[in-house]
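Q: Curious how this folds, go ahead:
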Amino acid sequence: MTGVLRHFFRRTEQRYDAVVTEGVFALVGVALGAVLGVAGTAVVERWRHSYIRKDARIDRQAATLREALDAYTEFVLAWSQPANKIALGGKVDMLDPAIVAGPPGLTHRRLVAVNERVHIESIRGRLHQLVGNVVTSVADGKVTAVTIDVNAALGTQVAKDIGTELRKLGAQ
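A: Next up is the predicted model:
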């Protein structure tokens, strides 16, 4: 009978050891699963956050370029009237309220403000050069066919560059 009891207790100890070992492995597995789950979720959230931020940045850049194109168009239309007056031999007073507070002055301020937000250096530089050329030629009273052609070529290049960048941003 002692042999039977000894055998019974030995088997009970073995079962107890096996259960403890299985419990430890199960606990380690659950902990490892939780850590991997949290890490996986963090990685996915980080990727999603980065993707959303990149998408928002692209949208802001495209909106700024569209606004710059609109401001450029309004600027050209507003300044064509004083430039035309000078080209036909007239004079324009740059301190006249119709210039300062009128469409030429308003569009000048808007284009300069939008130009500061343009993220592409070449477009920003060309827009700055165009604004300077147009305003200086009108202020100096020296609007000729040559200055008009130079400004038109520069403006065409700016519009082309903005269109190219908008297409690039749309493709991303």
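Q: Next one: the residue lying closest to Leu169 once chain neighbours are set aside relative to Ala68, how far apart?
A: Leaving aside its sequence neighbours, Leu169 sits nearest to Ala62 (C-beta to C-beta, 6 or more residues apart in numbering; 4.6 Å). To be clear about C-beta, it is placed using only N, CA and C from the backbone, and glycine gets the same treatment. Between Ala62 and Ala68 the computed distance is 11 Å (C-beta to C-beta, to the nearest Å).
Q: Between those two, point out the one with more neighbours.
A: Shown here are Ala62 and Ala68; by other C-beta atoms under 10 Å, Ala68 has more neighbours (24 against 16).
Q: wait, isn't Leu65 in contact with Thr164?
A: No - the pair Leu65 / Thr164 is not scored as a contact, 9.9 Å apart, by C-beta atoms under 8 Å.
Q: neighbour count winner among those two?
A: It is Leu65, of Leu65 and Thr164, that has more neighbours when counted by other C-beta under 10 Å, with 23 against 13.
Q: any idea which helix or strand carries that one?
A: For Leu65, the host element (DSSP states H and E) is helix 2-87.
Q: Poorly predicted segments of the chain, please.
A: For the chain, the stretches with pLDDT under 70 are 1-20, 49, 171-172.
Q: 90 instead?
A: 1-58, 87, 94, 145, 148, 169-172 (pLDDT under 90).
Q: Could I get the contacting residues of Lys168?
A: Neighbour list for Lys168: empty [criterion: C-beta atoms under 8 Å, 6 or more residues apart in numbering].
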